[in-house]
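Asker: Okay, predicted coordinates and the sequence, questions at the end:
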Amino acid sequence: MPVAPSSAKQTARKALETRKKLPMSKRAGTGVGLARANQIAKGDNMTLSTLKRISSFIARHEPNYKRARSQGKTMKDGGVILAMALWGYPGIKSWVNQQINKLEKGE
């Protein structure tokens, strides 16, 4: 089973650390997002189902992420940026799609 690339692991770790330092009112991320961040940061194996969930999450939230970035937001003041970072974005995007393709082809 695939393990997230180091860039995604670093992003997830940084997002978890940043989130801890923020006041409760600024802490983006759901329980699922926090679980995913820990899974990515630890380098746990990921199933095809998990990879598809990551891809779906990115597809849903990427437009808002790009909008927030264009406004100069960061993990500290942009909830969507912090939430996406918890999922290893942006470093995980192309990797996750490659892994989905490989697994679906039986490679």
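Answerer: Cool, the structure landed.
Asker: What are the boundaries of the helices in the chain?
Answerer: All helices of the chain, identified by DSSP state H, fall at 6-21, 31-42, 48-70, 79-86, 93-105.
Asker: From those helices, pick the one with the highest average neighbour count.
Answerer: helix 79-86 (a mean of 24; mean count of other C-beta atoms under 10 Å). No exception for glycine: its C-beta is placed from N, CA and C like everyone else's.
Asker: Could you figure out how far that one is turned away from helix 48-70?
Answerer: 140 degrees (axes from the mean of the first three to the mean of the last three C-alpha atoms, to 10 degrees).
Asker: and helix 79-86, average pLDDT?
Answerer: The average pLDDT for helix 79-86 rounds to 96.
Asker: Stretch 33-51 now?
Answerer: pLDDT averaged over stretch 33-51 gives 96.
Asker: Can you get me the start-to-end distance on that stretch?
Answerer: End-to-end distance for stretch 33-51, by C-alpha to C-alpha, to the nearest Å: 13 Å.
Asker: Ramachandran angles for the most centrally placed residue in the chain?
Answerer: Nearest to the mean C-alpha position of the chain, counting by C-alpha atoms, centre = their mean, stands W87 at 1.3 Å. Here is the backbone geometry of W87 (degrees, to the nearest 10): phi -90, psi 10.
Asker: wait, doesn't it sit right on S55?
Answerer: No. Using C-beta atoms under 8 Å, W87 makes no contact with S55, being 10.0 Å away.
Asker: Need the residues touching each of those two.
Answerer: Common neighbours of W87 and S55, using C-beta atoms under 8 Å, 6 or more residues apart in numbering, do not exist here.
Asker: Please report the distance of G88 from K105.
Answerer: 23 Å (C-beta to C-beta, to the nearest Å).
Asker: Contacts for stretch 34-43 next, please.
Answerer: 3-4, 8-9, 12-13, 15-16, 29, 46, 50, 53-54, 86-88, 92.
Asker: do that again at 7 Å, thanks
Answerer: With C-beta atoms under 7 Å, 6 or more residues apart in numbering as the test, stretch 34-43 has contacts from V3, A4, A8, K9, A12, R13, A15, L16, L86, W87, G88.
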